[in-house]
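Participant: return atomic coordinates for the entry below.
(one chain, ligands or ions: 1)
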Amino acid sequence: MKQKFYKYHGAGNDFVLIDNRSGGFDVSRAHVAALCCRRTGVGADGLMLLENDPRELFRMRYFNADGGESTMCGNGGRCIVLFAHHLGIGGSRKRFSGIDGVHDAQILSADATAGEIRLGMIDVPRVEKFPDHYFLDTGSPHHVEFVPDVRREDVARKGAMIRRSDPYAAAGGTNVNFVEIVSDGRIRVRTYERGVEAETLACGTGATASALAAAVRSGSDCRNYRVDVEGGVLFVSFERTGDERFTNVTLTGPAQKVFEGCLAEKF
Ligand SMILES: N[C@H](CCC[C@H](N)C(=O)O)C(=O)O
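Facilitator: Below you'll find the predicted structure:
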């Protein structure tokens, strides 16, 4: 039987989605990378499988465009919630398991193609501060540095250099975010994504990391951030306990179905 696939994006971060509840999808590195290839495949920043889970509504597995299974994807999390909605799985609130733990999501609005989704992210117990950057894990690892004007940043070159530098190289690399403070509670972010090995139009865990780092850096008591990214606008909210512990972290933003299709027999 031909394998159906679906294409979604969240603020321009785009994904191939597969309903793999019956199992059997070929997750070899070569097959996933071939599907994500923008010239000879479907083309995407990543691929996600929706699978059965023993306790939660479903399980999300995330693979980067290089074919490797990876850590949490925030934009992907919002897209897979809309995908589950389109498959008739669960109601407006959905609880699913990801590689970093359980996520509670709420569909704020949705129609047959688009939706606005609020995604619960994991707690962030620590934000590491360095002279010229921050490092934190919001479900994926993020290097965050603040710059006067993100539009002037050579994200491709600087991002690749930092992503492969020590100490990140030995730990499997990191995503790299360049952040401009627009005002208290508003930032502009550009992200070089590990596993895509390029700048993406948005990175959900990166937008989240950038907002938390901006809160630590500013010392303000702002708890809600608007994050302007190349592909649109995301919103991050959180609670702070102590100086650097973040809980009730949420990432809110759009998810959009683009098309669906069937893979050719041999694909
Ligand atoms: N490339 C990331 C995973 C996807 C993150 C991004 N697409 C998001 O929306 O959070 C990594 O390997 O750490």
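Participant: which strands and helices lie in contact with the longest strand along the chain?
Facilitator: In the chain, ranked by residue count with DSSP state E as the criterion, the top strand is strand 245-262. Other helices and strands packing on strand 245-262, by 3 or more CB pairs under 8 Å, 6 or more residues apart in numbering; DSSP states H and E, are strand 4-10, helix 74-86, strand 114-120, helix 204-218, strand 232-241. Using the backbone N, CA and C atoms, a C-beta is placed for each residue, glycine as well.
Participant: quick check, the second one touching the ligand?
Facilitator: Yes: contact between helix 74-86 and the ligand, assessed by CB under 6 Å from any ligand atom, occurs at 74-76.
Participant: check the third one too.
Facilitator: No: Strand 114-120 stays out of contact with the ligand when judged by CB under 6 Å from any ligand atom, the minimum separation being 9.9 Å.
Participant: save the residues of helix 74-86 next to the ligand as TSV, and put in neighbour count too.
Facilitator: Shown next, in TSV, are these (neighbours: other CB atoms under 10 Å):
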residue	neighbour count
74	30
75	35
76	32
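Participant: now, among those, which is nearest to residue 171?
Facilitator: Among these, residue 74 lies closest to residue 171 (CB to CB), at 20.1 Å.
Participant: next, work out how far apart the nearest residue to that closest one once chain neighbours are set aside and the ligand are.
Facilitator: Closest residue to residue 74 apart from its sequence neighbours, by CB to CB, 6 or more residues apart in numbering: residue 204 at 2.1 Å. Distance of residue 204 to the ligand, computed by CB to the nearest ligand atom, to the nearest Å: 3 Å.
Participant: need the contact list for residue 204.
Facilitator: 10-11, 13, 73-78, 119, 234, 251, 253 (CB atoms under 8 Å, 6 or more residues apart in numbering).
Participant: can you pull the contacts of residue 56?
Facilitator: 95-97, 102.
Participant: so of those residues, which ones are in strands?
Facilitator: Per DSSP E, the contacts of residue 56 map to strands at 95-97, 102.
Participant: of those, list those near the ligand.
Facilitator: Of the ones in strands among the contacts of residue 56, not one also sits near the ligand (CB under 6 Å from any ligand atom).
Participant: between those, which is closest to residue 4?
Facilitator: For the ones in strands among the contacts of residue 56, the residue nearest residue 4 by CB to CB is residue 96; the value is 20.1 Å.
Participant: surely that closest one touches residue 53?
Facilitator: Yes: applying CB atoms under 8 Å, one finds residue 96 in contact with residue 53, separated by 7.0 Å.
Participant: list residues touching both of those two?
Facilitator: Joint contacts of residue 96 and residue 53 (CB under 8 Å, 6+ apart) are residue 59.
Participant: between those two, who's got more neighbours?
Facilitator: residue 96 (23 against 16; other CB atoms under 10 Å).
Participant: could you count how many residues lie near residue 207?
Facilitator: So residue 207, with other CB under 10 Å, has 32 neighbours.
Participant: for it, which residues are in contact?
Facilitator: Residue 207 makes contacts with 74, 189, 191, 227, 229, 234, 236, 251, as judged by CB under 8 Å, 6+ apart.
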